[in-house]
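[1] quick one, structure for this:
(2 chains)
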Amino acid sequence: MPTSFLCEENFAKLDKVIDKYKGIGGALMMVLQEAQGIFGCLPMEVQKVISQKLDVPLAEVYGVVTFYSQFRLLPTGKYTVSVCLGTACYVRDAQKIVDAIKQELNIELGETSKDGLFTFEATRCIGACGLAPVITINEEVYGRLKESDIKEILAKYNK
Amino acid sequence: MDLYRAHVLVCGGTGCTASNSEAILNTFQKELKKNELDQEVKVIKTGCFGLCEAGPICIVYPEGAFYAGVQVKDISTIVEEHLLKGRIVKDLLYKGAFEKDTIRSLDNVDFYKKQMRIALRNCGVIDPEDINEYIAMDGYQALGKVLAEMTPMEVTKIVQQSGLRGRGGGGFPTGKKWEFASKIKGEQKYVVCNADEGDPGAFMDRSVLEGDPHVVVEAMAIAGYAIGANEGYVYVRAEYPIAVKRLQIAIDQAKEMGLLGDNIFDSGFNFNLSIRLGAGAFVCGEETALLNSIEGKRGMPRPRPPFPANKGLWQKPTLLSNVETFSNIPRIIINGPEWMANIGTEKSKGTKVFALTGKINNTGLVEIPMGTTLREVVYEIGGGIPNGKKFKAVQTGGPSGGCITKDHLDTPIDYDNLIQLSSMMGSGGMVVMDEDNCMVDIAKFFLEFTMDESCGKCPPCRIGTKRMYEILEDITNGKGEMEDIERLEKLAYNIKASALCGLGQTSPNPILSTLRFFRDEYEAHVKDKRCPAGVCQELLTYSVVADLCKKCGICAGKCPAECIDGEKGKTVYTIQKDKCIKCGACLEACPFKAIIKS
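    Residues are numbered from 1 along each chain as shown, chains lettered A, B, ... in the order given. All right, here's what the predicted structure looks like:
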C-alpha cells in the first residue's frame, strides 16, 4: 500500500480538525468525515491518532468506521465510478450498465483497477431518478445511459 | 431594489445540474450582456421544478414560457428572439406547453394541472440562496406571528387541529408528537429534522432542501418555540452535496438577519441550528438510529419505549420530524388549521409529495392533495407508460412498501388506503413498473437492499433478511420448490412480528405484497421454471427463428461463449442451449430480430 498520503503534513491538518471539534457532542463522526477528506481513507494509523486525541476507545472508532458505507479503510483510485442502484435506475436496467463497466474495467464492484485509476462501486439513490440510469465519476454525473455509452465515457478518463 | 422586465429561471436541482444547467445559466448571462439586456432581464438559479424528465428546464417570466431540454447552443436564440424581440421560441418549448398555436403557461401543462404545491410552493420559484426572496414569499412571517402573538400551547394546538401527519413513513399525527414533547419537563430539549432520505427512488426532501431551505429553518424554529427547545439539528445524507450547501447558506443568512440565534424578533426566544452529515447508512433514517448517529456512534436503533419525545438526543426530550413534514408548518400557521383540514381525505390531510419514477413518461416530483387516485397520477400527471407498454404495478414506500396493481388504480391515495393494500405511503417514492418488470426480481432487489442495510443488531432482521433473500435467489435461478413459497411467507410474518425497528419489521413487505398480487409469477418461476416477464437470466432460453434468419452470421461473431453454429450464407444458425450463458448479446446484435428469448 502506498503510504505517501500518511505524511506529516496531513497529520498536522488532522490535529487542527480534532482541536476544532474536541468537546462538541458527536465529534467523532465529524472528525472522521474531515479526516477522510484529508487522507482519502481511514487506515488504522489515522484511527489510532483520532482515538487517542479524542479520548474515544479505538474499538469504538473502528466500530463507527466500519458501520458506515462511506468510510473506507483503503485508498481509492483516482476516479471513483459509482453506478446508482436505486429502484428507479434498477427498473431502467442499471444492472446492464454494471455489467458493461465490469467488462470495460475488468474489475468487480468494490475493487480498484491495478493502475490505481478507477475504483468501481455501487451507490444508493443519488436522487437523479429523472435521468435513470445514472453513474457518477467523481463529481460528474452521467444520465440516460445505455450500455454502449460506457466505453466512450470511461475513455475520457483513461489517459 | 432594481426592477427587471423579465426573469429567466434556470433549474439548479440535482437532476438539471447533472444535465449541465450551470453552463446554461452562464451562457444566459453572457448572451444577455452581449445584447445589452443584462440590466433588464434577471437570471435566477432556482430549485427543482419537478419535471426532471424534461431537464434542463428554464422558464421565462412574465409569460411563463416553459423551455425544456435546453441546450447551450439554443440560448442565443432564446435571448435574441424571445427576450430581445418578444417572440416566444415555440420550437424550444416543452411539448405539452404548446397546443394548436396557443402557448400554455406552466400551471396549465398536464403535469402541473392536477398538482397542489404546499411543501414545494417555493421550489423552482425563488432563488434558494437568497433569504430576501424567501421573505418576499411571506417567509419568516409565520415565525414572527408565533413569537409575537401566540403561546407555545396555542402553536401546538394549531398543528394538532390541522390534522398533519408525519410525511416520513409511519404517518404519526404531528400535533401529537409536538404535544408529547412540549409536556415533558426538561431544561434541555432538541428539535431534529430527519433529512436522511435513503429510500431508493425518492428525492422529495432533497428537492425541498435544494429549492427552499429556509422553510425548514423557519419550521424548526417554530417547533423549538412550541416545545421549549433552543437547539436543533438537521441530519442530512452526505450524498446530497447541493442540499447541504444551500441549507448551510440558509442557516448563515438567517443568523445574520437575527432570525436564528439569540433573542429572535426581540421575543427572548433563542434557537440555534446546525447540520450533521450522514455517512451512508440507510438505517439512520430510523429515528433512534439517527439520534445515535448524531451522537457520533454506530447508527443502530434503540428499543422503544422510551420514545425520543421522552429520551431522545443525549437522553433529552427530542422532537423529530422529516423535511416534508416541517415544510408544511409555516403555511399552516399563516393560513390557519382549517385551511389544511379542508384539503385531503378524512384521516389524511393536506398534500403529499411523490417522486414519480421508473417506467413513466413524465419522471419527476409531484405534489398532490391526499385522495388523488393512482390512475390520475400515473396517466394524467405522469403521462402514462412509455413505448406503448402495459402498466403492471406501482411500488410505493420503497423497501418498506409494496406493489399496487391495476385493479387498485382507482384507490384514493392516503395513509390508510395504502396500508390496506399491503403497501405504505413511506417517504413518497413511487416507482412505476411495466410488463417487462419481473415482480419476483423486484422483491429480490428490495431484499438485497434491506439485507445489505440491516445494521445487524437484532437477529430477525440480520439473519431473516438474508434467509429470505436466499430463497428468492433460488426461485429466480430456477431452483425453487413450492415449499419455498410457504417458507417465505412464514418467515416474513415472523420477521414482521419480531424485528427491533421499522427497517426490519417492514423488510418483508415487498415479498408479502408481491405474493398477494403476483403469486402466479412466483409459481411460474417454481413450477414451470419460467420467468413471465423475461427478466430472470437463468430461466431464459434464446433461440433462432428459422424463418427470419438471413444466415448473416453476425450473432455467431458476437457470441462470447461461441455456442452459435451455422455457415454464413448457407445454413440457418442455431444456439446450443447447454453452452449458452444467456448474455443476450446475439439478441441485441441481430439486425433482423430473428433471435427471441423466452
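[2] just confirm residue B:273 is within a strand.
    Yes: assessed with DSSP: H, G, I helix; E, B strand; the rest coil, residue B:273 lies in a strand.
[3] quick one: the helices in chain A?
    A:8-21, A:27-39, A:44-54, A:58-67, A:87-91, A:94-105, A:150-157 (DSSP state H).
[4] what about the second one, average pLDDT?
    What helix A:27-39 shows for mean pLDDT is 95.
[5] over to the fifth one?
    Per-residue pLDDT values across helix A:87-91 average out to 83.
[6] cool, the last one as well?
    Helix A:150-157 carries an average pLDDT of 93.
[7] tell me the helices and strands packed up against that helix.
    Counting contacts by 3 or more CB pairs under 8 Å, 6 or more residues apart in numbering or on different chains; DSSP states H and E, helix A:150-157 is packed against helix A:94-105, strand A:135-137. In this view, the C-beta of every residue, glycine as well, is placed from N, C-alpha and C.
[8] can I get the first one as PDB, trimmed to CA atoms?
    In this case it means helix A:94-105. Only the C-alpha atoms of helix A:94-105 are listed here, as PDB (Å, rounded to 0.1, in the frame of the first residue of the first chain):
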ATOM      1  CA  ALA A  94     -28.900  -0.300 -14.300                       C
ATOM      2  CA  GLN A  95     -27.700  -3.900 -14.000                       C
ATOM      3  CA  LYS A  96     -26.700  -3.800 -17.700                       C
ATOM      4  CA  ILE A  97     -24.600  -0.700 -17.000                       C
ATOM      5  CA  VAL A  98     -22.900  -2.500 -14.100                       C
ATOM      6  CA  ASP A  99     -22.000  -5.400 -16.400                       C
ATOM      7  CA  ALA A 100     -20.700  -3.100 -19.100                       C
ATOM      8  CA  ILE A 101     -18.400  -1.300 -16.700                       C
ATOM      9  CA  LYS A 102     -17.200  -4.500 -15.200                       C
ATOM     10  CA  GLN A 103     -16.200  -5.700 -18.700                       C
ATOM     11  CA  GLU A 104     -14.600  -2.400 -19.600                       C
ATOM     12  CA  LEU A 105     -12.500  -2.000 -16.500                       C
END
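[9] where do the strands of the stretch 351-500 of chain B begin and end?
    Taking DSSP state E, counting those that start in this stretch to define them, one finds strands in the stretch 351-500 of chain B at B:351-358, B:364-369, B:391-396, B:402-405, B:429-434.
[10] which residue sits closest to the closest residue to chain B within chain A, ignoring its sequence neighbours?
    In chain A, no residue comes nearer to chain B than residue A:130, which is 2.5 Å away by CB to the nearest CB. In space, residue A:130 comes closest to residue B:52 once its chain neighbours are excluded; the distance is 2.5 Å by CB to CB, 6 or more residues apart in numbering or on different chains.
[11] can you get me a residue count around residue B:190?
    Neighbour count for residue B:190, taken as other CB atoms under 10 Å in any protein chain shown: 24.
[12] near chain B, which residues of chain A show up?
    A:25-30, A:32-33, A:60, A:63-64, A:67-71, A:85-88, A:90-92, A:123-132, A:134, A:141-143 (CB under 8 Å from any CB of the partner chain).
[13] least confident secondary structure element in chain A?
    helix A:87-91 (a mean of 83; mean pLDDT, DSSP states H and E).
[14] so which residues make contact with that one?
    A:83, A:125, A:129, A:132-134, B:200-201, B:355, B:357-359, B:363, B:395, B:398, B:429, B:431, B:433, B:437, B:442, B:445-446 (CB atoms under 8 Å, 6 or more residues apart in numbering or on different chains).
[15] buried deepest among the helices of chain A, which one?
    Mean neighbour count (mean count of other CB atoms under 10 Å in any protein chain shown) peaks for helix A:87-91 among the helices of chain A, with a mean of 28.
[16] how close does residue B:51 sit to chain A?
    The gap separating residue B:51 from chain A is 8 Å, by CB to the nearest CB, to the nearest Å.
[17] how about that residue, nearest residue that isn't a chain neighbour?
    residue B:364 (4.4 Å).
[18] what's that neighbour in contact with, if anything?
    A:130, B:50, B:51, B:52, B:53, B:54, B:111, B:355, B:356 are the contacts of residue B:364 under CB under 8 Å, 6+ apart.
[19] neighbours around whichever residue of chain B sits closest to chain A, how many?
    Proximity of chain B to chain A (CB to the nearest CB) peaks at residue B:52, 2.5 Å away. Neighbours of residue B:52 under the rule other CB under 10 Å: 32.
[20] so it sits against residue A:134, correct?
    No: using CB atoms under 8 Å, residue B:52 is not in contact with residue A:134, being 11.2 Å away.
[21] common neighbours of the two, please.
    Joint contacts of residue B:52 and residue A:134 (CB under 8 Å, 6+ apart) are residue A:128.
[22] could you break chain A into its assigned domains?
    Under the assignment automatic domain parsing, the domains of chain A span A:4-67, A:79-157.
[23] what's the end-to-end length of the first one?
    What that stands for is domain A:4-67. End-to-end span of domain A:4-67 (CA to CA, to the nearest Å): 26 Å.
[24] tell me what the residue nearest to residue B:51 is bridged to.
    residue B:356 (DSSP bridges).
[25] can you map out the helices along the stretch 51-200 of chain B?
    Taking DSSP state H, counting those that start in this stretch, the helices of the stretch 51-200 of chain B run over residues B:75-77, B:110-113, B:131-136, B:141-149, B:152-162, B:174-183.
[26] meant to ask about the stretch 351-500 of chain B
    Under DSSP H, counting those that start in this stretch, the stretch 351-500 of chain B gives helices at B:374-375, B:415-420, B:439-453, B:459-476, B:482-498.
[27] could you dump these into CSV and include mean neighbour count and mean pLDDT?
    Shown next, in CSV, are the helices of the stretch 351-500 of chain B (neighbours: other CB atoms under 10 Å in any protein chain shown; pLDDT from 0 to 100):
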stretch, mean neighbour count, mean pLDDT
helix B:374-375, 20, 94
helix B:415-420, 17, 92
helix B:439-453, 23, 94
helix B:459-476, 20, 97
helix B:482-498, 15, 96
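[28] thinking again about what came up before, farthest-separated two in the contacts of residue B:364?
    Maximum pairwise distance in these, criterion CB to CB, is 15.5 Å, between B:54 and B:355.
[29] when the two are compared, which one has more neighbours?
    Neighbour comparison, residue B:54 and residue B:355: the larger count goes to residue B:355, with 32 against 26 (by other CB under 10 Å).
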